[in-house]
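S.K.: Using only what follows, build the 3D model:
(2 chains)
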Amino acid sequence: MQNAKDTFYEVLRARLVALNPYRTIVLRGVVRPGVLVEENELVSTVALPDCFRLQWSPAVTDADGNMTMVTTECVIEYETAGTAGNAGMDRGRVLAAMDGELLAAVNPLPRSTPKMNYAALASGGTATTMTTSVWWGELTFGKTAVKDDRLARTATMSVMSYQEAGEL
Amino acid sequence: MADLLTGDGAILQADAVLRAVGGRSVLLRMAAPAVAGGDAEQLGLATPEFQDVELAPAAFHSANSVAKLLVSASAVSAVVGSLAYDSAEVLFETAVGVVIDGVLYEIAGSVASQAMGEAYCYWLTLVPPVR
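M.R.: Numbering: from 1, shown residues only, chains lettered A, B, ... in the order given. Sure thing, here's the model as predicted:
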């Protein structure tokens, strides 16, 4: 499932950057697109605002077919205090804009992409294309939550893939 | 003498008190800057390097599951300046943790004690590692 998770993150990041290249964060001194996978970053008690933070729930497998299908829920959290120039009074609009960006990134067809194996990047290599695909369902938005001066939202979606031979 | 009536005076007094009560040194563990455009780090395939920066004088208190660290503002501001952070709060938020006697504690929060608008020491709430 790790390859499916990595592939989905790469696709989501590319689509979000195409939609709004100005949504960036500074993480450990480097400017990067405003999306991250929490389990891939240093443990922190701070929830970064104005970016999409991905979490993965445990995988569920279905071994009825020729290949085992693995489904995992992707939980996407984001929050904003609005803009300082507007004293945060636009935080509802900013959150709605983030809703729109996320929806525009994941809902358009095709909701699938060839699965990639990025393991070689650890040793300076390049990603390789696998034989199956990763696909995902529709996005579900949670209620708006108030976190001090921030408005927060949690969106969820299912990400599926077939488990290829030798995959972890 | 005039310094004692300003924020700088409070910093000097805080340092003196911390040293008088046996102020010790601790290590603030920072992650090295990320690799720009580095997919390997963003996918959790590469581990950043770490650097430890000394903070002194400091006083450490631990009881049950609550650990507190009182650290001199002069030491903190020196690190903030040398590593080009915007503020002490950002420094603590981005630090990996504090190493005390070889144990890495996570920083759960920081509060500045101020005199005349200037911080003279910082209280850090630390979370011990889960064994």
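S.K.: Residues of chain B that sit close to chain A?
M.R.: Counting by Cβ under 8 Å from any Cβ of the partner chain, chain B comes close to chain A at B:31-37, B:39-46, B:48, B:93-94, B:96, B:106-109. Just so you know, the C-beta spots here come from the backbone N, C-alpha and C atoms, and that holds for glycine as well.
S.K.: at 7 Å instead, please
M.R.: For chain B, the residues in contact with chain A (Cβ under 7 Å from any Cβ of the partner chain) are B:31, B:33-34, B:36, B:39-40, B:42-46, B:48, B:93, B:96, B:106, B:108.
S.K.: What pairs with whichever strand or helix holds B:His61, parallel or antiparallel?
M.R.: Using DSSP states H and E, B:His61 sits in strand B:50-63. Strand B:50-63 pairs in its sheet with strand B:24-31 (antiparallel), strand B:66-72 (antiparallel), by DSSP bridges.
S.K.: who wins for most neighbours among the residues of chain B next to chain A?
M.R.: With neighbours taken as other Cβ atoms under 10 Å in any protein chain shown, the top of these is B:Gln42, carrying 25 neighbours.
S.K.: what residues are up against it?
M.R.: A:Asn40 (Cβ atoms under 7 Å, 6 or more residues apart in numbering or on different chains).
S.K.: Show me which positions of the lowest-mean-pLDDT helix or strand in chain B end up buried.
M.R.: Lowest by mean pLDDT, DSSP states H and E among the helices and strands of chain B is helix B:7-20, with a mean of 81. For helix B:7-20, burial by neighbour count (16 or more other Cβ atoms under 10 Å in any protein chain shown) applies to B:Gly7, B:Asp8, B:Gly9, B:Ala10, B:Ile11, B:Leu12, B:Ala14, B:Asp15, B:Val17, B:Leu18.
S.K.: Stretch B:23-31 too?
M.R.: Quick answer for stretch B:23-31 (16+ other Cβ under 10 Å): B:Gly23, B:Arg24, B:Val26, B:Leu27, B:Leu28, B:Arg29, B:Met30, B:Ala31.
S.K.: Surely the first one is in contact with B:Ala58?
M.R.: It refers to B:Gly23. Yes - contact criterion Cβ atoms under 7 Å: B:Gly23 and B:Ala58 qualify, at 6.1 Å.
S.K.: picking up where we left off before, list the contacts of the least confident helix or strand of chain B.
M.R.: B:3, B:57-59, B:70, B:72-74, B:115-118, B:120-121.
S.K.: Extract the C-alpha set from it and format it as PDB.
M.R.: Taking Å, rounded to 0.1, in the frame of the first residue of the first chain, the C-alpha atoms of helix B:7-20 are listed here in PDB:
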ATOM      1  CA  GLY B   7      14.300  44.500  30.300                       C
ATOM      2  CA  ASP B   8      18.000  43.900  29.900                       C
ATOM      3  CA  GLY B   9      18.300  44.000  33.700                       C
ATOM      4  CA  ALA B  10      15.600  41.400  34.100                       C
ATOM      5  CA  ILE B  11      17.600  39.100  31.700                       C
ATOM      6  CA  LEU B  12      20.700  39.600  33.700                       C
ATOM      7  CA  GLN B  13      18.900  38.900  36.900                       C
ATOM      8  CA  ALA B  14      17.200  35.800  35.500                       C
ATOM      9  CA  ASP B  15      20.600  34.500  34.300                       C
ATOM     10  CA  ALA B  16      22.100  35.100  37.700                       C
ATOM     11  CA  VAL B  17      19.300  33.300  39.500                       C
ATOM     12  CA  LEU B  18      19.400  30.400  37.100                       C
ATOM     13  CA  ARG B  19      23.200  30.000  37.700                       C
ATOM     14  CA  ALA B  20      22.800  30.500  41.400                       C
END
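S.K.: Output the below-cut-off pLDDT ranges for the chain.
M.R.: If you meant another chain, say so; for now it's chain A. Filtered on pLDDT under 70, chain A yields the residue ranges A:45, A:168.
S.K.: Please refer instead to chain B.
M.R.: In chain B (pLDDT under 70), the answer is B:1-7, B:131.
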